[in-house]
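**Student:** take a look and give me a structure for this.
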Amino acid sequence: MISGPPYPDLVDGVRLVTLPSLDLYARGLWPVTLEMLKDRLGRREWLSKLSGGFAEPWTFGERAKDWLLTNADQFDVIHDNQTLSDGILALQRAGLPVVTTVHHPITRDLRVALAGEPRWHWRLLIRRWHSFLRMQARVAAGLDHIVTVSHASAVDIATDFGVQSAAIRVVPNGVDTTLFRPRPDVKRKPQQIIATASADAPMKGLSVLLHALKRLGDTHPELQLVLIARPKPGGETELLMHRLGLTDRVRFVSDASHEDINQLYAESTVAVVPSLYEGFGLPAVEAMAAGIPLVSSDGGALAEVVAEGGALVPAGDAAAMAAGIERVLDDADYAAALAARGLQRAHAHFCWSVCASQMAALYEDCIAAC
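**Tutor:** You can find the predicted model right below:
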């Protein structure tokens with residue numbers, strides 16, 4: 001595993017190669033010294049951050065290229081996780097087997113962010129931060145082996161990045177079904193909803209879920225929402241909760257382990273994925289694997305991923321979301337059938353043994369092509 005900061009925690013037996021950067025999102029702009037700025041890549045990161053940009057995909061790709069060209073004889077295949085940088089394309093041009101995962105084109109995030117921001121100066125900053133997308137579109141169009149996580153995302157990549165469909169393979173994300181699993185020993189709380197969301201990211205649809213919760217308040221006065229997220233103090237989510245009078249109905253959980261999350265699924269009666277768009281939607285698969293009834297929007301790939309494993313409602317429709325949740329809360333037989341279908345789907349399509357074998361086959365095809 002080759003990574004810039006923040007460095008991942010890896011399982012035993014996986015070697016970590018660290019490629020230090022200025023790490024400006026943790027350090028901030030001003031503790032940087034003149035000595036640090038003598039490095040051309042560090043200087044690029046600092047100047048980009050100073051002007052509201054995000055240069056790290058490019059600078060990491062350059063560092064990774066230099067390291068991999070020096071150490072290429074150690075590897076059979078290189079797997080790039082959506083860096084989509086000029087450096088990664090250079091590795092392919094050097095004749096190395098390169099597979100690139102594109103979870104979904106970030107152009108979709110940009111559109112949702114712009115649509116949800118009325119202030120012109122913030123819209124300029126949003127466009128500036130996403131300026132790396134010009135590089136990603138150019139690089140993606142030149143790659144021979146792209147893997148993505150859903151057919152919906154494959155269509156979006158072909159459309160937004162100009163990638164030929166023949167260069168794209170679909171391998172879904174996997175879930176650890178020994179970790180995310182039903183817990184019949186845990187008693188469910190009949191009026192508890194659970195959701196996972198980046199609290200202030202418009203694409204995650206949290207405002208839709210909060211409006212749905214407000215609609216359910218009269219018929220289900222004890223209803224509570226557990227939200228696995230880290231809200232921004234004074235952010236849009238907090239303001240909306242106050243405006244809707246929901247501050248006493250929502251409990252935030254952050255820094256939860258996977259075991260903690262599975263425990264919360266076991267305690268809750270219904271899981272909700274309200275996203276306006278997802279290239280895959282891993283929380284939906286984790287909920288299905290945990291054996292909890294799922295209500296999900298149909299945004300992006302969610303209709304494809306959830307299919308018969310959950311109740312699908314139109315993305316952005318708070319009334320439909322509320323109705324879907326209410327049916328699960330009020331109809332125990334329907335809820336049980338929904339949970340059983342979701343569990344079956346998670347094991348049949350998204351367990352690691354299925355997904356990993358598909359990825360290994362893609363590696364072999366990439367190696368053979370070189």
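
**Student:** could you say which helix or strand contains the nearest residue to Ser268 once chain neighbours are set aside?
**Tutor:** In space, and not counting its chain neighbours, Ser268 is closest to Ile194: 4.0 Å by C-beta to C-beta, 6 or more residues apart in numbering. In short, each C-beta sits where N, CA and C put it, glycine included. Using DSSP states H and E, Ile194 maps to strand 192-196.

**Student:** before we move on, what about Leu227?
**Tutor:** Going by DSSP H and E, Leu227 is in strand 224-228.

**Student:** just the pLDDT for the nearest residue to Val77 once chain neighbours are set aside.
**Tutor:** Nearest non-adjacent residue to Val77, counting by C-beta to C-beta, 6+ apart: Pro97, 4.4 Å away. Per-residue pLDDT puts Pro97 at 96.

**Student:** the one 4 residues further on too?
**Tutor:** Model confidence at Thr101, given as pLDDT, is 97.

**Student:** the strand holding Leu227 pairs with which strands, and in what direction?
**Tutor:** With DSSP bridges as the test, strand 224-228 is paired with strand 192-196 (parallel), strand 250-253 (parallel).

**Student:** what stretches of this structure score poorly on pLDDT?
**Tutor:** 198-200 (pLDDT under 70).

**Student:** domains for it, by residue range?
**Tutor:** Domains of the chain are assigned by automatic domain parsing as 2-174+356-369, 192-348.

**Student:** would you mind finding the most buried of the ones you listed?
**Tutor:** Of these, the one with the most neighbours on average (mean count of other C-beta atoms under 10 Å) is domain 192-348, at a mean of 20.

**Student:** ok now it, how far from the chain's centre?
**Tutor:** 15 Å (C-alpha atoms, centre = their mean, to the nearest Å).

**Student:** endpoints of that domain, how far apart?
**Tutor:** Domain 192-348 has an end-to-end distance of 28 Å (C-alpha to C-alpha, to the nearest Å).

**Student:** swap in stretch 289-299?
**Tutor:** 20 Å.

**Student:** could you check which helix or strand contains Arg169?
**Tutor:** Applying DSSP H and E as the criterion places Arg169 in strand 168-170.

**Student:** and what of Arg108?
**Tutor:** Going by DSSP H and E, Arg108 is in helix 107-115.

**Student:** would you put the C-alpha positions of that helix in CSV?
**Tutor:** Only the C-alpha atoms of helix 107-115 are listed here, as CSV (Å, rounded to 0.1, in the frame of the first residue of the first chain):
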residue,chain,number,x,y,z
THR,A,107,-18.1,15.8,-11.6
ARG,A,108,-21.3,14.5,-10.0
ASP,A,109,-20.3,15.8,-6.6
LEU,A,110,-19.5,19.2,-8.2
ARG,A,111,-23.0,19.5,-9.8
VAL,A,112,-24.8,18.7,-6.6
ALA,A,113,-22.6,21.1,-4.6
LEU,A,114,-23.2,23.9,-7.1
ALA,A,115,-26.9,23.2,-7.1
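
**Student:** can you list contacts of it?
**Tutor:** The contact list for helix 107-115 (C-beta atoms under 8 Å, 6 or more residues apart in numbering) reads 123, 126-127, 130, 133, 137, 156, 160-161, 202-203, 276-277, 279, 300.

**Student:** how about the closest residue to Glu286 other than its chain neighbours, secondary structure?
**Tutor:** Nearest residue to Glu286, sequence neighbours excluded (C-beta to C-beta, 6+ apart): Phe180, at 4.8 Å. Under DSSP: H, G, I helix; E, B strand; the rest coil, Phe180 falls in the coil class.

**Student:** what sits against Phe180?
**Tutor:** Contacts of Phe180 (C-beta under 8 Å, 6+ apart): His258, Ile261, Asn262, Tyr265, Glu286, Ala289, Ala290, Ala346.

**Student:** next, Val272: secondary structure please.
**Tutor:** Assignment for Val272 (three-state DSSP): strand.

**Student:** ok, Ser296 - contacts?
**Tutor:** Neighbouring residues of Ser296 by C-beta under 8 Å, 6+ apart: Val272, Val273, Pro274, Gly281, Ala284, Leu302, Val306, Gly310, Ala311, Leu312, Val313.
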